[in-house]
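1. Sharing a sequence plus its predicted fold:
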Number of protein chains: 2
Amino acid sequence: MALIVQKYGGTSVANPERIRNVARRVARYKAMGHQIVVVVSAMSGETNKLIALAKEVMAEPDPRELDVMISTGEQVTIGMTALALMELGIKAKSYTGTQVKILTDDSHTKARILDIDDHNIKQDLNDGYVCVVAGFQGVDEHGNITTLGRGGSDTTGVALAAALKADECQIYTDVDGVYTTDPRVVPEARRLDKITFEEMLELASQGSKVLQIRSVEFAGKYKVKLRVLSSFEDEGDGTLITFEEDDSSIKNKDSEMEDPIISGIAFNRDEAKIIVLGVPDKPGIAYQILGPIADANIDVDMIIQNTGADGTTDFTFTVHKNEMNKALAVLRDKVQGHIKAREISGDDKIAKVSVVGIGMRSHVGIASQMFRTLAEEGINIQMISTSEIKIAVVIDEKYMELAVRVLHKAFELEEA
Amino acid sequence: MALIVQKYGGTSVANPERIRNVARRVARYKAMGHQIVVVVSAMSGETNKLIALAKEVMAEPDPRELDVMISTGEQVTIGMTALALMELGIKAKSYTGTQVKILTDDSHTKARILDIDDHNIKQDLNDGYVCVVAGFQGVDEHGNITTLGRGGSDTTGVALAAALKADECQIYTDVDGVYTTDPRVVPEARRLDKITFEEMLELASQGSKVLQIRSVEFAGKYKVKLRVLSSFEDEGDGTLITFEEDDSSIKNKDSEMEDPIISGIAFNRDEAKIIVLGVPDKPGIAYQILGPIADANIDVDMIIQNTGADGTTDFTFTVHKNEMNKALAVLRDKVQGHIKAREISGDDKIAKVSVVGIGMRSHVGIASQMFRTLAEEGINIQMISTSEIKIAVVIDEKYMELAVRVLHKAFELEEA
């Protein structure tokens, strides 16, 4: 008997028929003797519908009230999923984030989980119930309803799995696993049987969109065994996300083969570039630029600083496209005069393309092969950022698909 | 400065435009210096939509999970109403039943309010907020979401007014007050400037449907000053519901006129008649019949018992139409053999018509005039029930409109 957390996204619970499918799958796992916690998202489209309603009465909706409204999407789904399970004769009980309670900070619309009270769920599991928990939502210390932001249902699933010390967290989605890249861009993309947490982290953060990045961080931190599966197929084991250090995970059917050097190509066109030119090259300058950005609650991804010859430096970083104007306003209001920057500008016509692979740590030449491949297609590189297991470049948005396809081919990631 | 609770029903908040209207009305009261608590229902149609969704996955939905789902209707409206107020520059904050907290028993889908915690709302009112509270919902002692049943938003409004010791509870609806009878049946029906609680109680319970009966009971019990107004008109004072004993309420503009004998004609076709024939006429028989009905949580309205000459008695009572079959099953399973009843049958093709008026206490002849009027139209009376301020008869459903019209005319209730 295992304790399994299963998370179903919006497309998997899009209508009553699909919810009945979810119930049938849960019933099969229950019949095997497992304890099951189900985490569900809102029916697809519901969250956007609620946001649109909010905007009809207030152009820029107050975040606290927006959370009150959009959290109802998952609340409807937990009720329906519990009912569909009961219709199959399975004891089931739904939980809102408040009822669990999933304690978060008070950053409405992008709250972070602080603690999960596992008492009631454990009790119900031991009494034979399937617990159906609303993803994406929590409650702050004052009882205000919070939401975790887009994709937050994955985070709820992983955090619950961690809190309950579940044997596995299964993320059901509309794809049947993690691919070397998005099959919509490269039809030859191949499903990976396993991938390390670190690679997954890079792939998700670079925009492969199978899992939300925060959930992968959470899984890594709490050593939650994570598996991505399709909710539309009953066959297949999906992609297991492993810890490299964990021998039991590594020694699966692929372990006799040498790990591939590159796992996949990730891409992302959600970012915008902010350029701060001609800043005096003094200690503390990065903090003076990014401190106010962080204070404005704007997430920063890539950060690059080049020192010039004239005693000034150029500072470039990327933020989410939606926050570019806010970031520029912060810099012009609070930073530009202070640090005496010559010019501050933004560019949201960019894309980020990354080559990801745990194997590249021991192989030289990956970077040069990547740069050569892009050069051969005449694609100019605007920014480069590297980590132990990835090389990311920022390029003109219009070349993104081309770059992904030629890199996928150059690193021989096609379906065998 | 007064503390006013304003309750808006489903048609008053049916869409964003109407919610903006509600916000503008609240703003006007706020500008007069009043403290305002707003109680809102779900947008009209939403609750039925959610019930339909529930039934798609479970034919007879589990009540706990149904409450989880349908309570989202009001949760969306409180968020939208708070946002619409903020858009007008008014500080506003929404509250779910859980957040207030409106403590109820655990009778899902028809819970009763046990206690209201007024601490947070009072604090927010004193800080200048308009508090927007979800009607119709509460929370039991274990944190389960409950609903108060249809029309329960009125009860929430009155109960909050009682808990907060509000100066007035205003019920906004799609009619502009309480009428002598339903204007859709009798176009000459007249709006009453005031009506006593007792009359209102009879009119509401008999199906005038302006206010939900439980809210009127609540208002009477806690001496809440209740006013029914139209949410679609800015003019008019609606109908004030008074305590007969309360001189300050009675001495309004109409007080120089003699109170009319009859206030109105109520009607109701939601009931069914259950007949238990040939029961041995012994002490305790009424309890033996109605005890199991009460245990099954079925509400009973009229009860009539006639003793026959042969030592047996006939026992007749009315229940909601939806519960007739359940009541019959209970009687046949648990009662019939036990009490040796000759026959048990039900009839749901009935209607109840009542003449209501505080004035009839001191006037003889109301009953005879009522019965004569019906007889002149050839309408047979199946059951009669009287109280100090009403006479109710059960007749064949098909004569209902006719009965209401002729009684309205006979008692001279037309528009002056």
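-> Here it is on my side, so go on.

2. For the stretch 101-250 of chain A, which segments count as helices?
-> A:119-126, A:152-163, A:197-203, A:213-221, A:247-250 (DSSP state H, counting those that start in this stretch).

3. which other residues reach the first one?
-> Going back to what we said before, that points to helix A:119-126. If you take C-beta atoms under 8 Å, 6 or more residues apart in numbering or on different chains as the criterion, helix A:119-126 is touched by A:3, A:35, A:37, A:93, A:95, A:99-100, A:131, A:133, A:160, A:164. Heads up, the C-betas are built off the backbone N, CA and C, glycines and all.

4. let's see it at 7 Å
-> A:35, A:37, A:93, A:95, A:100, A:131, A:164 (C-beta atoms under 7 Å, 6 or more residues apart in numbering or on different chains).

5. Next, the buried residues of that helix.
-> Within helix A:119-126, the residues scored as buried using 16 or more other C-beta atoms under 10 Å in any protein chain shown are A:120-122, A:124-125.

6. swap in the fourth one?
-> Applying a neighbour-count criterion of 16+ other C-beta under 10 Å, one finds A:213-220 buried in helix A:213-221.

7. Tell me where the model's unsure across chain A.
-> A:150-151, A:204-210, A:244-260, A:308-309, A:361-364, A:415-416 (pLDDT under 70).

8. can you rerun that using 50?
-> For chain A, the stretches with pLDDT under 50 are A:246-257.

9. Show me which residues of the stretch 301-416 of chain A are close to chain B?
-> Not one residue of the stretch 301-416 of chain A sits near chain B, judged by C-beta under 7 Å from any C-beta of the partner chain.

10. wait, I meant chain A
-> Near chain B, when you scan chain A using C-beta under 7 Å from any C-beta, you find A:16, A:19-20, A:50, A:53-54, A:56-58, A:61-62, A:65-66, A:68-69, A:72, A:75-76, A:78-80, A:82-84, A:86-87, A:94, A:98-99, A:143.

11. Would you confirm that A:Ile304 belongs to a strand?
-> Yes: A:Ile304: assigned to a strand according to DSSP: H, G, I helix; E, B strand; the rest coil.

12. With adjacent residues omitted, what lies nearest to it?
-> Spatial nearest neighbour of A:Ile304, chain neighbours left out: A:Thr316 (4.8 Å); criterion: C-beta to C-beta, 6 or more residues apart in numbering or on different chains.

13. and if you look at A:Thr173?
-> Nearest one to A:Thr173, counting by C-beta to C-beta, 6+ apart, is A:Gly9 at 5.2 Å.

14. which residues sit in contact with that neighbour?
-> A:Gly9 neighbours (C-beta under 7 Å, 6+ apart): A:41, A:153, A:172-173.

15. gap between it and chain B?
-> From A:Gly9 across to chain B, the span is 18 Å (C-beta to the nearest C-beta, to the nearest Å).

16. Got the phi and psi for that residue?
-> phi -80, psi -180 (degrees, to the nearest 10).

17. And it, how close does it get to A:Gly337?
-> 46 Å (C-beta to C-beta, to the nearest Å).

18. Same check on A:Leu103?
-> For A:Leu103, the distance to A:Gly337 - C-beta to C-beta - is 41 Å.

19. which residues touch stretch A:343-354?
-> By C-beta under 7 Å, 6+ apart, stretch A:343-354 touches A:202, A:206, A:265-269, A:271-278, A:321, A:324, A:328, A:331-332, A:336, A:382, A:390-397, A:400, A:403-404, A:407.

20. Which single one of the buried residues of helix A:213-221 is nearest to A:Pro283?
-> A:Glu217 (30.2 Å; C-beta to C-beta).

21. Just give me the neighbour total for the residue lying closest to the closest one once chain neighbours are set aside.
-> Excluding the flanking residues, the one nearest A:Glu217 by C-beta to C-beta, 6+ apart is A:Leu201, at 6.7 Å. Around A:Leu201 there are 22 other residues, counting by other C-beta atoms under 10 Å in any protein chain shown.

22. my guess is A:Leu201 contacts A:Arg214, does it?
-> No: A:Leu201 lies out of contact with A:Arg214 (C-beta atoms under 7 Å); the separation is 10.2 Å.

23. ok, A:Ala54 - contacts?
-> Per C-beta under 7 Å, 6+ apart, neighbours of A:Ala54: A:61, A:66, A:69, B:79-80, B:83.

24. Looking at these, which is nearest B:Leu226?
-> For the contacts of A:Ala54, the nearest to B:Leu226 is B:Met80 (25.6 Å; C-beta to C-beta).

25. wait, the closest one sits on A:Val57?
-> Yes: B:Met80 lies in contact with A:Val57 (C-beta under 7 Å); the separation is 5.2 Å.

26. if you skip the residues just before and after it, what's nearest to A:Leu277?
-> For A:Leu277, the closest residue by C-beta to C-beta, 6+ apart turns out to be A:Glu343, at 4.3 Å.

27. What separation is there between the one you found and chain B?
-> Taking C-beta to the nearest C-beta, one finds A:Glu343 at 37 Å from chain B.

28. Next, A:Glu412: phi, psi?
-> Residue torsions, per degrees, to the nearest 10, at A:Glu412 are phi 50, psi 50.

29. What's the local residue count around it?
-> Should you count by other C-beta under 10 Å, A:Glu412 turns out to have 11 residues around it.

30. related to what we said a few turns ago, among the contacts of A:Ala54, which two are most distant?
-> Across these (C-beta to C-beta), the longest gap, 10.1 Å, separates A:Leu66 and B:Met80.

31. what about those two, which has more around it?
-> B:Met80 (31 against 21).

32. roughly how far is whichever strand or helix holds the more buried one from the heart of the chain?
-> Secondary-structure element containing B:Met80, defined by DSSP states H and E: helix B:63-87. Centroid separation between helix B:63-87 and its chain, computed with C-alpha atoms, centre = their mean, to the nearest Å, is 22 Å.

33. who are the neighbours of it, in terms of helices and strands?
-> Helices and strands touching helix B:63-87, by 3 or more C-beta pairs under 7 Å, 6 or more residues apart in numbering or on different chains; DSSP states H and E, are helix A:46-57, helix A:63-87, helix B:16-31, strand B:35-40, helix B:46-57, strand B:92-95, strand B:130-134, strand B:145-147.

34. TSV please, covering the ones you listed and showing distance to A:Glu377.
-> Below are the helices and strands packed on helix B:63-87 laid out as TSV (distance: least, C-beta to C-beta, whole Å):
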stretch	distance to A:Glu377
helix A:46-57	36
helix A:63-87	42
helix B:16-31	49
strand B:35-40	58
helix B:46-57	50
strand B:92-95	54
strand B:130-134	57
strand B:145-147	57
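
35. Run the angle between the helix holding B:Met80 and helix A:63-87 for me.
-> 160 degrees (axes from the mean of the first three to the mean of the last three C-alpha atoms, to 10 degrees).

36. Give me the angle between helix B:63-87 and strand A:130-134.
-> Using the same axes, to 10 degrees: helix B:63-87 against strand A:130-134 is 10 degrees.

37. Closest approach to chain B from the stretch 101-250 of chain A, which residue is it?
-> A:Gly143 (5.5 Å; C-beta to the nearest C-beta).

38. can you pull the contacts of A:Tyr129?
-> A:91-93.

39. Emit the PyMOL select command for whichever of those residues are buried.
-> Those of those that count as buried under 16+ other C-beta under 10 Å are selected in PyMOL with:
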select buried, chain A and resi 92+93
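
40. right, and out of the contacts of A:Tyr129, which lies closest to A:Asp115?
-> Once C-beta to C-beta is applied, the member of those that ends up nearest A:Asp115 is A:Lys93, at 21.1 Å.

41. That closest one - nearest residue in space that isn't next to it in sequence?
-> A:Tyr129 (4.9 Å).

42. residues touching A:Tyr222, list them.
-> A:Ala162.

43. do A:Glu46 as well
-> Going by C-beta under 7 Å, 6+ apart, A:Glu46 touches A:Gly73.
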